[in-house]
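Colleague: Quick one: sequence and predicted model below, then my questions.
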Amino acid sequence: MEFLQSPAGIAVVAVALLAVVGAIIALARRKPDWEDALGGEEPGTLTLPAAPPRAPKAAPSKVPVAPAADGGKVFGRLVNGLARTKAQMVNRVDDLFRGRKKIDEDLWGSLEELLVTSDVGIRTTGVLLESMRARAAREELADPQRLRDLLADTIRESLEGCAGTLAAQPSDGGPIVIVVVGVNGAGKTTTIGKLAARYKAEGRKVIIAAGDTFRAAAIEQVAVWGKRAGAEVVRHEPGSDPAAVAHDAVTAAVARGADVVICDTAGRLHSKTDLMQELSKVHRVVGKVREGAPHEVLLVLDSTNGQNAIAQAREFASAVGVTGIALTKLDGTAKGGVIVAIAHELDIPVKLIGIGEAVEDLRDFDPDAFVQALFGGDDSALGRGGNSADAAARDDELGIAAEELADTSARYQG
Ligand SMILES: Nc1nc2c(ncn2[C@@H]2O[C@H](COP(=O)(O)OP(=O)(O)O)[C@@H](O)[C@H]2O)c(=O)[nH]1
Ligand SMILES: [Mg+2]
């Protein structure tokens with residue numbers, strides 16, 4: 001104690017105290033490692049570092065992860081658009097497999113019935129099931145739940161085989177000529193409008209030929225879409241020769257350096273023979289104006305027609321060479337399973353799908369996204385109403401009176 005009261009002792013205690021305080025300060029100021037990783041904000045303003053990613057719980061399913069670059073919005077619309085088909089097909093498959101203990105003939109039979117009644121069609125269902133049975137046997141599958149993945153895989157494989165993309169811009173620098181065909185009401189004009197808007201957004205100059213001259217309202221409908229998309233419309237009087245309209249549109253496109261010509265056509269004439277003759281004339285005439293045209297003959301099929309769409313496709317394909325299919329109105333139907341039949345039974349690639357009435361509802365057909373939207377687990381988008389329901393709001397945004405378009409469309413339909 002005497003030592004502590006001596007000057008030397010006081011000095012030693014003071015130094016010792018300073019050392020301890022210094023060490024405490026140094027410790028307090030040291031940044032934790034994660035703070036360095038986050039870029040070293042001031043302590044106190046930091047939120048806790050994110051928990052490390054969890055390891056996947058189960059073996060990853062082969063169903064691909066939803067593309068989420070845009071926060072899943074685009075994919076969400078696809079899920080929403082396919083909700084009815086999902087309910088008809090996939091939710092019933094889930095009900096079928098639930099509680100089943102083994103894969104037996106009864107299960108295969110029920111699955112067959114379910115697919116046939118989902119517009120997959122008898123023949124295509126047969127092919128799908130044959131392939132599934134072979135794989136189930138090869139992989140010695142015993143759990144019915146595994147058949148769900150197998151069904152998704154088998155459907156994806158068949159869809160991959162039929163997916164295609166629109167013809168590329170011709171390398172000679174001239175316009176690409178697209179002729180759009182299909183029965184009345186299939187969605188030709190709407191698809192043309194959406195397509196024109198898409199090309200336009202890519203910075204291309206678009207001309208639309210109002211080639212359904214059979215009815216005045218059809219020409220007006222094209223004019224409305226042309227205005228909406230920012231595309232020039234070439235039109236003649238109602239009742240005039242559609243081949244002449246197409247001729248003038250392609251001539252104008254070549255002369256003015258346009259990039260894309262899209263020709264609308266009639267879907268119904270006095271007779272089917274008349275219609276097919278008219279379409280082949282359009283085909284010949286655009287080929288005369290521009291060598292190699294049409295570069296694309298797009299057949300628009302209405303998915304709500306289910307199996308009938310297949311019969312229509314066969315007729316058009318045999319009369320005019322169809323190079324691609326646009327399958328519309330998938331949002332309004334439980335019959336989307338027809339796309340699997342189209343893949344199997346027609347030798348024509350599906351290039352576009354329509355999942356609603358808004359411009360963004362025309363999509364390149366992506367089999368992976370399609371199968372994910374049907375078989376994926378996220379039902380959050382369901383029940384929010386169809387894609388058509390909120391199309392009107394966007395129509396306003398585009399500066400087009402929704403009534404104007406609906407009215408023209410209705411008159412044309414009527
Ligand atoms: N819900 C929905 N409606 C569509 C789609 N495509 C077209 N339609 C509607 O189908 C109707 C007929 O379309 P339209 O383009 O006039 O058919 P067209 O006779 O072949 O030219 C119109 O009311 C369109 O808005 C789609 O993908 N989804
Ligand atoms: Mg039309």
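Modeller: Cool, the structure landed. Ligands and ions are numbered 1, 2, ... in the order given.
Colleague: count of residues packed around Ser264?
Modeller: Actually, residue 264 is Asp. It isn't Ser. By the criterion of other C-beta atoms under 10 Å, Asp264 has 31 neighbours. From N, CA and C alone the C-beta is placed, and that goes for glycine too.
Colleague: who's in contact with it?
Modeller: Counting by C-beta atoms under 8 Å, 6 or more residues apart in numbering, Asp264 touches 180, 188-189, 192, 208-212, 218, 222.
Colleague: Kindly provide the distance from the residue in the stretch 1-150 of the chain that ligand 1 sits nearest to to Thr328.
Modeller: Here the stretch 1-150 of the chain gets closest to ligand 1 at one residue, Gly81, 7.9 Å apart by C-beta to the nearest ligand atom. Shown here: Gly81 relative to Thr328, a distance of 11 Å by C-beta to C-beta, to the nearest Å.
Colleague: just Ala223 next, same as before
Modeller: Ala223 sits at a distance of 21 Å from Thr328 (criterion: C-beta to C-beta).
Colleague: Between these two, which is the more surrounded one?
Modeller: Thr328 (31 against 15).
Colleague: you'd agree Val206 is up against Ala258?
Modeller: Yes. Between Val206 and Ala258 there is a contact under C-beta atoms under 8 Å: 6.7 Å.
Colleague: Now name the helix or strand holding the residue of the stretch 51-200 of the chain found nearest ligand 2.
Modeller: In the stretch 51-200 of the chain, the residue that lies nearest ligand 2 is Thr189 (3.3 Å; C-beta to the ion). When elements are assigned from DSSP states H and E, Thr189 belongs to helix 188-201.
Colleague: distance between that helix and the chain's centre?
Modeller: In terms of C-alpha atoms, centre = their mean, to the nearest Å, the centre of helix 188-201 is found 15 Å from the chain centre.
Colleague: Give me the contact list for that helix.
Modeller: Helix 188-201 is contacted by residues 178, 180-182, 206, 208, 212, 218, 221-222, 224-226, 228-231, 259-260, 262, 264-265, 267, 298, 300, 326, 328, 352, 354, 357, 359, 361-362, 409, 412 when judged by C-beta under 8 Å, 6+ apart.
Colleague: Next, see if that helix gets close to ligand 1.
Modeller: Yes. Using C-beta under 6 Å from any ligand atom, helix 188-201 reaches ligand 1 at 188-190.
Colleague: Nearest spatial neighbour of the residue of the stretch 51-200 of the chain closest to ligand 2, chain-adjacent residues omitted?
Modeller: Closest residue to Thr189 apart from its sequence neighbours, by C-beta to C-beta, 6 or more residues apart in numbering: Gln221 at 5.1 Å.
Colleague: Counting neighbours, what do you get for that neighbour?
Modeller: Gln221, neighbours per other C-beta under 10 Å, totals 28.
Colleague: Assumed Val371 was part of a helix.
Modeller: Yes. Checked against DSSP: H, G, I helix; E, B strand; the rest coil, Val371 lies within a helix.
Colleague: Can you show me the strands along the stretch 251-400 of the chain?
Modeller: Secondary structure of the stretch 251-400 of the chain, counting by DSSP state E, counting those that start in this stretch: strands at 260-263, 296-302, 324-328, 350-354, 362-364.
Colleague: How much space separates Thr342 from Ala152?
Modeller: Careful, residue 342 is Ile; it's not Thr. 18 Å.
Colleague: Of these two, give the one with the bigger neighbour count.
Modeller: Ile342 (24 against 21).
Colleague: ok so, going back, and the helix or strand where the residue nearest to Thr189 lies, how far from the chain's centre?
Modeller: Assigned by DSSP H and E, Gln221 falls within helix 216-229. Distance of helix 216-229 from the chain centroid (C-alpha atoms, centre = their mean) equals 24 Å.
Colleague: Need the residues that contact the following helix or strand past that helix.
Modeller: Counting by DSSP H and E, the next helix or strand C-terminal to helix 216-229 is strand 232-234. Applying C-beta under 8 Å, 6+ apart, the external contacts of strand 232-234 come out as 206-210, 222-223, 226, 245, 248-249, 252, 258.
Colleague: who's in contact with Val181?
Modeller: Val181 makes contacts with 188, 265, 267, 279, 297-300, 316, 320, 322, as judged by C-beta under 8 Å, 6+ apart.
Colleague: need those residues in CSV with neighbour count and pLDDT, can you?
Modeller: Below are the contacts of Val181 laid out as CSV (neighbours: other C-beta atoms under 10 Å; pLDDT from 0 to 100):
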residue, neighbour count, pLDDT
Lys188, 29, 98
Thr265, 30, 97
Gly267, 20, 94
Leu279, 23, 97
Val297, 24, 98
Leu298, 25, 98
Leu299, 28, 98
Val300, 28, 98
Phe316, 22, 95
Val320, 23, 92
Val322, 22, 97
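Colleague: Out of those residues, which is nearest to ligand 2?
Modeller: Ligand 2 lies nearest to Lys188 out of the contacts of Val181, by C-beta to the ion, at 4.7 Å.
Colleague: can you pull out the helices in the stretch 101-250 of the chain?
Modeller: Using DSSP state H, counting those that start in this stretch, the helices of the stretch 101-250 of the chain run over residues 105-115, 122-138, 144-160, 188-201, 216-229, 242-256.
Colleague: So for Gly292, which of these sits nearest?
Modeller: Counting by C-beta to C-beta, Gly292 lies closest to helix 242-256 out of those; the figure is 11.4 Å.
Colleague: How much space separates the closest residue to His247 other than its chain neighbours from Ala255?
Modeller: Once flanking residues are discounted, His247 sits nearest to Val285: 5.0 Å by C-beta to C-beta, 6+ apart. Distance, Val285 to Ala255, using C-beta to C-beta: 16 Å.
Colleague: Low-confidence ranges, the chain, go.
Modeller: Within the chain, the stretches with pLDDT under 70 are 1-69, 71, 378-414.
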